[in-house]
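**Student:** Quick one, fold the following:
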Amino acid sequence: MKKYPVVIFDVDGVLVNSLTPHLKICEDKNREYNLDLTIPNPAEFKDMVRKGTPVSPMNLFFEAVGFKSPYMEQAVEFYNQSFMHDYHPGMFDNVPQLLAMLSKEDVVIGIITSNVRNNIEDALEPVMKYFNADLIFSKDDPNFQSKRKALQLVADKLNIDTKNILYVGDQQADFESARNAGADFLGVTYGWGISDDKNKFPVVDDVLDIVSHVIGDFDARKSITDRNGQRGDKRAVTSEGENPEVCGTAGGAKKQRATRHEHRIIGPTPRTRRA
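**Tutor:** Just a heads-up that it's a prediction; the model follows:
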């Protein structure tokens, strides 16, 4: 199995469990603006994305649930300024273990996201040390034009072919960006818009399964879960810090705000499925 020297992550729906907070801000702005919209629940929203509704960047997200000008622009402005402070999305379980394992294997790790820099840094603050600072591209980065072009920039910076890059995302649009850039793609089914079947790319059901796909070693994930005693601690990790009982960081008294991610048990031997 191919081993990738470089892995680039989307953030929302891949590393950060942020869909419920995103829908909550829509509900709040809907009430504030007296728009009388029916905001979808997470399952309904995921179905919209799987059917091809564009939801990234945030102007398209608000538009997808019914916002129109000028309220859409006002909501985006509020989102960019206050989302992390007011809604506190947290990382999916086991993201710190995932990134630590990849780093141990000398995998170069970066980010390409349609979110803004402040939001991703706040949500991922405990694990930002694992990312190559030159390989972080966000919507407000002056060098960011599209995810496809950002993937090419990664290749240019590292002087490698894009075929040696794996992009991990949770939407069909992420796959198309990777394909158009010549990079490989891995979809996650626990995010916003990729289901279990009818895909043109490999998918994984769980955060830790990403490790096996990146380094080409299906025993890697088992070694992590063995060290944790099972599939890893299920408690959420928030933007305020890693769960101190798991990762040994400060902040044990702080409220754990993140919505928990329920893992799918897929058996003792992890598999990367292809359509």
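**Student:** Return the backbone torsion pair for Gln145.
**Tutor:** Gln145 adopts backbone torsions of phi -110, psi -40, taken as degrees, to the nearest 10.
**Student:** That one - how many residues pack around it?
**Tutor:** Using other C-beta atoms under 10 Å as the criterion, Gln145 is surrounded by 12 other residues. Quick note: C-beta positions are derived from backbone N, CA and C, even for glycine.
**Student:** Could I get the average pLDDT for stretch 45-61?
**Tutor:** Model confidence over stretch 45-61 averages 93 on the pLDDT scale.
**Student:** Quote the end-to-end distance of that stretch.
**Tutor:** Between the opening and closing residues of stretch 45-61 we find a distance of 10 Å, counting by C-alpha to C-alpha, to the nearest Å.
**Student:** Now do the buried residues in it.
**Tutor:** Residues Phe45, Lys46, Met48, Val49, Thr53, Val55, Ser56, Pro57, Met58, Asn59, Phe61 are the ones in stretch 45-61 that count as buried (16 or more other C-beta atoms under 10 Å).
**Student:** Inside helices: which ones of those?
**Tutor:** Judged by DSSP state H, these include Phe45, Lys46, Met48, Val49, Met58, Asn59, Phe61 as members of helices.
**Student:** Which single one of the residues you listed is nearest to Asp196?
**Tutor:** Nearest to Asp196, judged by C-beta to C-beta, of these is Lys46 at 12.1 Å.
**Student:** dump the residue contacts of the closest one.
**Tutor:** If a contact means C-beta atoms under 8 Å, 6 or more residues apart in numbering, then Lys46 has Leu19, Trp192, Gly193 as its contacts.
**Student:** can you tell me how far it sits from Gly52?
**Tutor:** 12 Å (C-beta to C-beta, to the nearest Å).
**Student:** can you redo the ones in helices among the buried residues of stretch 45-61 as TSV with distance to Glu27?
**Tutor:** Conversion of these to TSV gives the following (distance: C-beta to C-beta, whole Å):
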residue	distance to Glu27
Phe45	12
Lys46	17
Met48	16
Val49	18
Met58	15
Asn59	18
Phe61	13
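**Student:** wait, Val127 sits on Asn94?
**Tutor:** No. Look at Val127 against Asn94 with C-beta atoms under 8 Å: they stay out of range, at 11.3 Å.
**Student:** neighbour count winner among the two?
**Tutor:** With other C-beta under 10 Å as the criterion, Val127 and Asn94 differ in neighbour count, and Asn94 comes out ahead with 27 against 21.
**Student:** Output the longest helix belonging to the chain.
**Tutor:** Criterion DSSP H: the longest helix present in the chain is helix 71-87.
**Student:** Alright, I will stop here.
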